[in-house]
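K.L.:
any chance you could fold what I've pasted below:
(one chain, ligands or ions: 1)
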Amino acid sequence: MIAMESSRAFLLPSAIAAGGSEESVLARRIHAEPPHAYRTPFARDSDRVLHARAFRRLAGKTQVFTRRPGDPPADHFRSRLTHTLEVTRIARTLASALGLNVELAEALALAHDIGHPPFGHAGEKALDRMLQGYGLGFDHNLHALRIVTWFEERYAAFRGLNLTLGVREGIVKHSRDYSAAEHPELVEYFLDLRPPLEAQLIDLADEIAYLTADLDDGLEAGILSLGPIRQCVPLFSGFHDTALQRFPAAAPKLVVNEALRRMLDALVTDLLGEVCRRVSAVGAGSLAEIRRAPGRLAALSAPMEGERAAAKAFLYAHLYNSPGIEEAHEHATEVVEGLFAAIAADPSLLPDDHRAQIPTEGLARTVADYIAGMTDSFIEQAWKRVRG
Ligand code: MG
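P.N.:
Below is the predicted model of the structure:
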């Protein structure tokens, strides 16, 4: 009885959930398809994303740590695939507790990183820099949309995965807004309105997943150490103290695990409470009202936002921009920029199916599309061949 009451503590009015029935606007596909006998439109989209080649390639893409030939094996570090699975579980938990559309949240979480090029953010920055030389840019959300609407070829009747409007909108808008003036091609995605809460939650589910996971992997890799984390990340040190008191004889690594799981739980619980507070503060009782709210309603409370910012600042200073990782960033930049320049100078290096895109997509975009699809190991090999 108590468990049931607590599980309802965060329930929002049911009209706020994004409608996922066959008749709903958000279930519309680019090419009309007959409904499935027992799978909902968003559940089908999760399956389509999961079966996409771009999704499987996430296994070979860096989250934070790049494996280089000769590095000691560390197969338990997160890849972009395992990170994506962690985000998906958090997104499902959030959507379920709030009474939102769990299947939409799941599809968006599964798709949220499929637009990422090899070598993590260093690879994305390098690709963006190269495209800027042609008056273009690289944006992983827009690239994800290109993947699901064009690159993936699984159906005889059309290109792309033919995902629902709701999933395509969330892929584009989950982490930022796009103006219709700058992006007229995105006009069908309700650019002047906020996305449904299912999409708004993805960015925070992503952040909760990587803040906790990167402390874990950073410690495991020996780049981070416990003292500075305890000093600079109060949310962690509070739970670390709790775990030390509760398990005074436990191995240090297990005490860290206990602290990290409490930290993850606290972030999720705080987010649930704050979403409920913000929804009720604006008096939103339907999806239409969520869309017209003055700002996004998925957020952490002010105190927890401070904790999040401290953890993130710590990870930037001690992990993402640490000397060990910077070397990997420099390597990523060299490989992405070098390969881009080499292929742009000699498009015969492109595989036939990519080269065929040049007349419609332009040379620079075609080269970027090719490179963005590569895994870390594939781009290393391609770079080795090009350099001779
Ligand atoms: Mg992510």
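K.L.:
pretty sure R296 contacts R194?
P.N.:
Yes. With contact defined as Cβ atoms under 8 Å, R296 reaches R194; the gap is 5.9 Å. (C-beta placed from N, C-alpha, C; glycine too.)
K.L.:
which one of those two is surrounded by more residues?
P.N.:
Neighbour totals were compared for R296 and R194, and R194 leads with 22 against 19 (other Cβ atoms under 10 Å).
K.L.:
who's in contact with E289?
P.N.:
I16, V282, G283 (Cβ atoms under 8 Å, 6 or more residues apart in numbering).
K.L.:
distance of the second one relative to L211?
P.N.:
This means V282. From V282 across to L211, the span is 27 Å (Cβ to Cβ, to the nearest Å).
K.L.:
please say which of those two ends up with more neighbours.
P.N.:
Neighbour totals were compared for V282 and L211, and L211 leads with 23 against 14 (other Cβ under 10 Å).
K.L.:
any idea what sits nearest that one, other than its immediate chain neighbours?
P.N.:
Distances taken as Cβ to Cβ, 6 or more residues apart in numbering put A311 closest to L211, at 5.0 Å, once the chain neighbours are dropped.
K.L.:
gap between the one you found and the ion?
P.N.:
Separation of A311 from the ion (Cβ to the ion, to the nearest Å): 16 Å.
K.L.:
hmm, who's touching the strand or helix carrying that residue?
P.N.:
Per DSSP states H and E, A311 falls inside helix 302-315. Applying Cβ under 8 Å, 6+ apart, the external contacts of helix 302-315 come out as 207, 211, 214-215, 218, 228-229, 232-236, 266-267, 270-271, 274, 299-300.
K.L.:
show me the residues you listed that map onto helices.
P.N.:
For the contacts of helix 302-315, the ones inside helices are 207, 211, 214-215, 218, 228-229, 232, 234-236, 266-267, 270-271, 274, with DSSP state H as the criterion.
K.L.:
and the furthest pair within those?
P.N.:
P228 and E274 (28.5 Å; Cβ to Cβ).
K.L.:
which of these two has more neighbours?
P.N.:
Neighbours per residue (other Cβ under 10 Å) separate P228 from E274, with E274 holding more: 19 against 12.
K.L.:
correct me, but the more buried one touches S280?
P.N.:
No. E274 is beyond contact range of S280, at 10.9 Å (criterion: Cβ under 8 Å).
K.L.:
before we move on, back to that, buried only: go through the contacts of helix 302-315 for me.
P.N.:
The neighbour-count criterion (16 or more other Cβ atoms under 10 Å) marks 207, 211, 214-215, 218, 229, 232-233, 235-236, 266-267, 270-271, 274, 299-300 among those as buried.
K.L.:
what's near enough to touch the closest residue to A299 other than its chain neighbours?
P.N.:
Nearest residue to A299 in three dimensions, chain neighbours excluded: E274, at 5.6 Å (Cβ to Cβ, 6+ apart). Taking Cβ under 8 Å, 6+ apart as the criterion, E274 is in contact with A299, L300, S301, M304.
K.L.:
distance check, the second one against G218.
P.N.:
Right, the one you point to is L300. For L300 relative to G218 (Cβ to Cβ), the value is 22 Å.
K.L.:
ok, E198 - contacts?
P.N.:
E198 neighbours (Cβ under 8 Å, 6+ apart): A17, A18, A91, A95, L100, N101, L104, A105, L108, G170.
K.L.:
any idea which element the third one lies in?
P.N.:
If I follow you right, that is A91. Per DSSP H and E: helix 80-98 holds A91.
K.L.:
so which elements touch that helix?
P.N.:
Judged by 3 or more Cβ pairs under 8 Å, 6 or more residues apart in numbering; DSSP states H and E, the packing partners of helix 80-98 are helix 53-56, helix 102-111, helix 197-220, helix 252-282.
K.L.:
export those to a markdown table and tack on distance to the ion and mean pLDDT?
P.N.:
Below are those laid out as a markdown table (distance: least, Cβ to the ion, whole Å; pLDDT from 0 to 100):
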| stretch | distance to the ion | mean pLDDT |
| --- | --- | --- |
| helix 53-56 | 13 | 96 |
| helix 102-111 | 9 | 98 |
| helix 197-220 | 4 | 96 |
| helix 252-282 | 15 | 98 |
